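Q: the sequence and its predicted three-dimensional model are supplied below.
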Amino acid sequence: PPASRFDRTATGVALTLWSVPTFWLGLIVLMVFAVGVGPLPGLFPTGGIRSIDPPPGLLPQVLDVAHHLVLPCLTMVAVIFAQYQMVMRSSLLEEMGSDYLTTARAKGLREDLVRRRHAVPNALLPSVTLIFLHLGLVVSGAIMVETVFSWPGLGYLMVNALEYPDLPLMQGTFIVLAGTVIVMNVLADVVYRFLDPRVRAA
């Protein structure tokens, strides 16, 4: 419920994470979980996609890559979760005061059913836009995260192309970035037709 202790705590955490620059959060995560602070030892590698001397065998190599992936994923998910949480909360609060939900309550539906069956599907639309936009950015490369963690993705490749400078490489990575964002926006429009009957009617 709005203004409950859980709502205030979740909103405070989301606002804090949303306000933190991604590169700064990545450096803090590196310092705490990779380098170690005080008696807490470093639990994860500081960068790269695999160890210098990877273990033999397919499964150990997959686990080694997953071990290197924990901190970059934690950094990206922390910031993106905050955006999803704030946008979804705002959309849901806006929907909860709508007339059609008042009608559903008048018909005798419980509040949790009103919220789950009617309010949440309509409140999902802005979140769907964010999801597909972030999917496009993840495919094209998360520049800040890949730079901080030395992850060899398209974002890190674009930074290297800027440093040299390598204009053809920079143009190629920019085309991939722009293309994936456009494709994901088109997919979001397609998904809208299944989530919102008003879009199909239009």
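A: Structure received.
Q: residue 24 versus residue 124, what's the distance?
A: The gap separating residue 124 from residue 24 is 31 Å, by C-beta to C-beta, to the nearest Å. Where you see a C-beta, it was placed from the backbone N, CA and C, and this is true even at glycine.
Q: more neighbours: the two, which one.
A: Just comparing residue 124 and residue 24: by other C-beta atoms under 10 Å the higher neighbour count belongs to residue 124, 18 against 12.
Q: ok, that one - contacts?
A: Residues near residue 124 by C-beta atoms under 8 Å, 6 or more residues apart in numbering: 88, 91, 195.
Q: any idea how far the last one is from residue 87?
A: Right, the one you point to is residue 195. For residue 195, the distance to residue 87 - C-beta to C-beta - is 15 Å.
Q: where does the protein have low pLDDT?
A: 1-2, 137, 139-141, 197-202 (pLDDT under 70).
Q: torsion angles phi and psi at the residue nearest to the spatial centre of it?
A: Nearest to the geometric centre of the chain sits residue 80, at 3.4 Å (C-alpha atoms, centre = their mean). Dihedral pair for residue 80: phi -70, psi -40, per degrees, to the nearest 10.
Q: number the chain from 56, please
A: Shifting the count to begin at 56 puts that one at residue 135.
Q: so what's it closest to, chain neighbours aside?
A: Leaving out its chain neighbours, the residue that sits closest to residue 135 by C-beta to C-beta, 6 or more residues apart in numbering is residue 189, at 5.6 Å.
Q: ok, the one you found - how many residues close by?
A: Residue 189: 18 surrounding residues under other C-beta under 10 Å.
Q: just residue 108 next, same as before
A: 7.
Q: got phi/psi on it?
A: With angles defined as degrees, to the nearest 10, residue 108 sits at phi -120, psi 80.
Q: and if you look at residue 92?
A: phi -130, psi 120.
Q: please report how far the closest residue to it other than its chain neighbours lies from residue 203.
A: Distance criterion C-beta to C-beta, 6+ apart; nearest residue to residue 92, sequence neighbours excluded, is residue 86 at 6.6 Å. The gap separating residue 86 from residue 203 is 11 Å, by C-beta to C-beta.
Q: the more surrounded of the two?
A: A direct count of neighbours by other C-beta under 10 Å for residue 86 and residue 203 places residue 203 higher, at 23 against 13.
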